[in-house]
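**Student:** this one's structure only:
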C-alpha cells in the first residue's frame, strides 16, 4: 500500500473513473436506442437527460462528478508526492478518499439515496480537506507540525 506513495491512489481513482466511463456508455447507448434518441439529439446534455431513464442519468451524473472534485485530489496527491509528504497518514487519507469515491459512485449509480450519497461525499471531502491542510503546511502556508 505504501510502496508507490500517493501515486497508487491516483492511478486507482483514474482506473475507477474509466470503469465508470464504460458503465456510462453501456447504459446510455442502449437507453438512447430504447427511447428513440438519435446521437445528434444528445448534443446538449440537459435536453438529452429529460428523455433518458433514471438509471442512465445516474451513471452519467456520477461520471461527471468524477471529473469535478477529484481533480483537486489529483493535484494534492501530486503536490504531496513532490513535496516528499508520503507519510502513512497522507497515503491512508488518499486511499480513504478513493474508497469513499468508489462507494459514492456505487450509491449514485444504483440506489441513488441522496442522504446516503451526501454522507459519503462529505466523508470523502473531509479526507480531501485533511490532505489540503497537510499540503498547505508542507509549503508553509499554514503552521503545523514539521513535515519531516
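**Tutor:** All right, it came through fine. Quick caveat, the model's predicted, so the values are computed rather than measured. Residues are numbered from 1 along each chain as shown.

**Student:** in this protein, which helix is the longest?
**Tutor:** Looking across the chain with DSSP state H, the single longest helix is helix 7-35.

**Student:** just the helices in the protein please.
**Tutor:** 7-35, 45-49, 54-65, 70-82, 88-109, 114-138.

**Student:** rounded mean pLDDT for stretch 67-75, please.
**Tutor:** Taken as a whole, stretch 67-75 has an average pLDDT of 98.

**Student:** for that stretch, list every residue counted as buried.
**Tutor:** Neighbour-count burial for stretch 67-75 flags 70, 73 (criterion: 16 or more other CB atoms under 10 Å). C-beta coordinates here come from the backbone N, C-alpha and C atoms, glycine included.

**Student:** next one: that stretch to chain centre, how far?
**Tutor:** Here stretch 67-75 is found 7 Å from its chain centre; the criterion is CA atoms, centre = their mean, to the nearest Å.

**Student:** per-residue pLDDT, residue 46?
**Tutor:** pLDDT, residue 46: 83.

**Student:** centroid residue for this structure?
**Tutor:** In the chain, the C-alpha nearest the mean C-alpha coordinate belongs to residue 66, at 3.9 Å (CA atoms, centre = their mean).

**Student:** which helices and strands does the helix or strand of the chain with the lowest mean pLDDT pack with?
**Tutor:** Scoring the helices and strands of the chain by mean pLDDT, DSSP states H and E places helix 45-49 at the bottom, with a mean of 83. On a contact count with 3 or more CB pairs under 8 Å, 6 or more residues apart in numbering; DSSP states H and E, helix 45-49 meets helix 54-65.

**Student:** okay, the angle between the helix it packs on and helix 114-138?
**Tutor:** Relative orientation of helix 54-65 versus helix 114-138 (axes from the mean of the first three to the mean of the last three CA atoms, to 10 degrees): 10 degrees.

**Student:** can you give me the buried ones in helix 54-65?
**Tutor:** Residues 56-63, 65 are the ones in helix 54-65 that count as buried (16+ other CB under 10 Å).

**Student:** for residue 111, phi and psi?
**Tutor:** Here is the backbone geometry of residue 111 (degrees, to the nearest 10): phi -80, psi -30.

**Student:** just to revisit the earlier point, give me the spatial nearest neighbour of the residue nearest to the centre of the chain, chain neighbours excluded.
**Tutor:** Leaving aside its chain neighbours, residue 66 sits nearest to residue 17 (4.5 Å; criterion: CB to CB, 6 or more residues apart in numbering).
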